[in-house]
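**Student:** here is the input, now give the coordinates:
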Amino acid sequence: MANPGMPTVKNGDEGDAVAQAQRALRRTPNLGLAVDGEFGPLTEAATKDFQKQAGLPVTGVVDEATWQALPTGLPMPVLQRGSKGDVVRNLQTILTMGAYDLWRTTPQGVDGDFGGNTETSVRAFQTWARIGVDGIVGPETWNALSALEFVVGVQHAVGVMPVSGG
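**Tutor:** Model prediction:
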């Protein structure tokens, strides 16, 4: 199960479990859903859409069966200078592909090592996306344009407690 031990969440609930449900729903993909930790009408509608698509009872409540059917709702890792691995390699690939027509600064290669060139490319992406520019790929950058985490790959979500707002 992608979301073990999660409590039932419904309209009016708030907190980390709601944020995890929202991240999971965004990965169905429902890229327009905000991850704000507040279960309101948009989260309820997204839940109903997912339940209908998954052949579950359409209740708008994220219960055990819905949690089991959803992809992981764990947060993506924070990437910064010194980070290494497949998630960095995937990020570098996406930064390279999008740079041509959009932010115009590539990481100068795809090697899985988050160095200065990758940081410069992330800063260019952040400027282009009109978000905070710090060269670090955290929740705001992953959520930019509702798509970066999806195209890099949610298989890199980290197995830690979810953070609020991300």
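**Student:** from here on, just use CA atoms for contacts and neighbour counts.
**Tutor:** Will do.
**Student:** remind me which residues of the protein are low pLDDT?
**Tutor:** By pLDDT under 70, the low-scoring segments of the chain are 1, 145-166.
**Student:** change it to 90
**Tutor:** 1-4, 26-35, 72-76, 94, 97-104, 128-131, 139-166 (pLDDT under 90).
**Student:** would you state the helices of it in chain order?
**Tutor:** Assigned by DSSP state H, the helices in the chain fall at 16-26, 41-54, 64-69, 86-99, 116-129, 139-143, 148-152.
**Student:** domains for the chain, by residue range?
**Tutor:** 16-69, 86-156 (automatic domain parsing).
**Student:** quick one, phi psi at the closest residue to Gln22 other than its chain neighbours?
**Tutor:** Spatially, and ignoring its direct neighbours in sequence, Gln22 is nearest to Val35 (5.4 Å; C-alpha to C-alpha, 6 or more residues apart in numbering). Dihedral angles of Val35 (phi, psi; degrees, to the nearest 10) stand at phi -100, psi 90.
**Student:** now the domains of the chain in TSV, with mean neighbour count and distance to Asn3?
**Tutor:** As requested, the domains of the chain are exported to TSV (neighbours: other C-alpha atoms under 10 Å; distance: least, C-alpha to C-alpha, whole Å):
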stretch	mean neighbour count	distance to Asn3
domain 16-69	19	6
domain 86-156	18	13
